[in-house]
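> test case, fold it:
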Amino acid sequence: MNNKVKDILVNTVFRVGSGLNRFFAKKDNVVLLYSNVGFRDNVRSIYDYMIRNGYNAKYHIIISATRFLPDNLPDNVEVVSNVRGILKYYTAKHVFYCQGKIPLYPAQNQYVVQMWHGTPFKGNDKRQGKATTNKPYYSHIFSSSPYFEQIIMDNFYVNRENVAICGQPRTDVLFEENLLPDELSHFDKLILWLPTWRKSAIVGQEDVKQTSVVPIFKMEDLNELEKRLSERNIGLLIKLHYMQDLDLLKDTHFAHILLLSDIDFQNRGWDLYRIMSQTSALVTDYSSVFYDYMLLDRPIAYAIDDFDEYMSRRGFVVDDPEYFMAGEKIKKKDDFYRFIGHVAEGKDPYKAQRNEVNRITHTYIDGNNCKRALEIGGVCL
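Residues are numbered from 1 along each chain as shown. Next comes the predicted model:
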């Protein structure tokens, strides 16, 4: 659905629907978890937490999503389509989003919580429509620390009273004991590379000109990278963004490089954040996942050979993005190889700066964000 059609619907059908929402009785025992790109990320994290801790004995949990659904639904859990999810919204007292939203205004006695899927870093998404109003679609929206409150207010059209301080629920597993899948467990060190998307076939947007599915390296360069990794028995797991255009992706078969599309990764049944907790270092670029990884206090490198182009096309919401990117900056292959060497040798030259940024960007470093998120949304045992 293109943005013009969305704008028309938001300003007509959903405007009327928002008015009707006031007249529906809200059921205090109903929790709606909505995601328009599959059941993943923060909504999946709080769902898993609720089931582990028996919330479904008290609450009827409705999952509104079409992909990556739980295999076996426990008692008092229901799955509906995103269209039916709109109908369920009218009677749910507690609604949680992290990908997309239902563009209806909350009723006065309704909790509608936008957790979002990352702490702000990249600039405004130019592909979004302009159907905005002065009235927020959320009763609460998360900010990981007071530093981001004004940014959240400006970008989501909410007031300060709508902003709640809470970290990403998905990061709670970083504080747990986790094991690597067998496929990844035999390396001396494991580096996780999470490139953000440059070009998306889903939304038809290109933030920079794409020459490869990953920055720095063309597909034909991976043989040399494999050799450098094998010399130190370091594994490199490259997990592509779910919106990444895969036209340039080719089959790769390496001993030390595992390059996976989002679908390949999901089909393995892997949990990204549980794997992340067992890695030695992270490589990313403009993805806000680096904020999450800072909770582990391990080295981070940023593959930003297209920084100037990205700055001019998409930009950033923070004034000094390179300060927040507390880690080694990779702009050519030799920089990447130097970072591999530092990881192998246990060198961490950006530790002090990284910890400083972590203190600015996280109020809570305790692994209790799922519980905190539910309480903000009025859900308590």
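> residue ranges for the strands of the stretch 1-150 of the chain, please.
Counting by DSSP state E, counting those that start in this stretch, the stretch 1-150 of the chain has these strands, from start to end: 27-35, 60-64, 77-80, 92-99, 111-114, 140-143.
> then the stretch 151-300 of the chain?
163-165, 189-193, 199-200, 205-206, 234-239, 257-260, 281-284, 300-303.
> Lys331: which of these is closest?
Proximity to Lys331 (C-beta to C-beta) singles out strand 300-303 among the strands of the stretch 151-300 of the chain, at 8.0 Å. (Glycine included, C-beta is placed from N, CA and C.)
> show me what that closest one is packed up against.
Applying 3 or more C-beta pairs under 8 Å, 6 or more residues apart in numbering; DSSP states H and E, one finds that strand 300-303 makes contact with strand 281-284, helix 289-293, strand 328-330, helix 333-345.
> what lines up beside that strand in the sheet?
strand 281-284 (parallel), strand 328-330 (parallel) (DSSP bridges).
> which of the ones you listed is buried the deepest?
strand 281-284 (a mean of 24; mean count of other C-beta atoms under 10 Å).
> returning to what we had before: out of the helices and strands packed on strand 300-303, nearest to Val37?
helix 289-293 (16.0 Å).
> now that closest one: average pLDDT?
For helix 289-293, mean pLDDT rounds to 97.
> what is it packed up against?
Helix 289-293 packs on helix 272-276, strand 281-284, strand 300-303, going by 3+ C-beta pairs under 8 Å, 6+ apart.
> make TSV out of those and add distance to Tyr350 and mean pLDDT.
Shown next, in TSV, are the helices and strands packed on helix 289-293 (distance: least, C-beta to C-beta, whole Å; pLDDT from 0 to 100):
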stretch	distance to Tyr350	mean pLDDT
helix 272-276	18	97
strand 281-284	11	97
strand 300-303	7	97
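> who touches stretch 64-81?
Stretch 64-81 has contacts (C-beta atoms under 8 Å, 6 or more residues apart in numbering) with 32-40, 43-44, 47, 51, 56-57, 59-63, 82, 84-85, 88, 266.
> okay if I get the helices and strands packed on helix 289-293 as JSON lines plus distance to Asn178?
Output for the helices and strands packed on helix 289-293, formatted as JSON lines (distance: least, C-beta to C-beta, whole Å):
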{"stretch": "helix 272-276", "distance to Asn178": "4"}
{"stretch": "strand 281-284", "distance to Asn178": "16"}
{"stretch": "strand 300-303", "distance to Asn178": "19"}
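> who wins for proximity to Thr119 among the ones you listed?
strand 281-284 (13.0 Å).
> so what touches the closest one?
189, 191-196, 276, 289-290, 293, 298-303, 330, 336, 339, 343.
> what is the least confident helix or strand in the protein?
Every helix and strand of the chain was ranked by mean pLDDT, DSSP states H and E. The lowest is strand 199-200, at a mean of 42.
> and the residue nearest the centre of this protein?
Compute the mean C-alpha point of the chain, and by C-alpha atoms, centre = their mean the closest residue is His117, 3.7 Å away.
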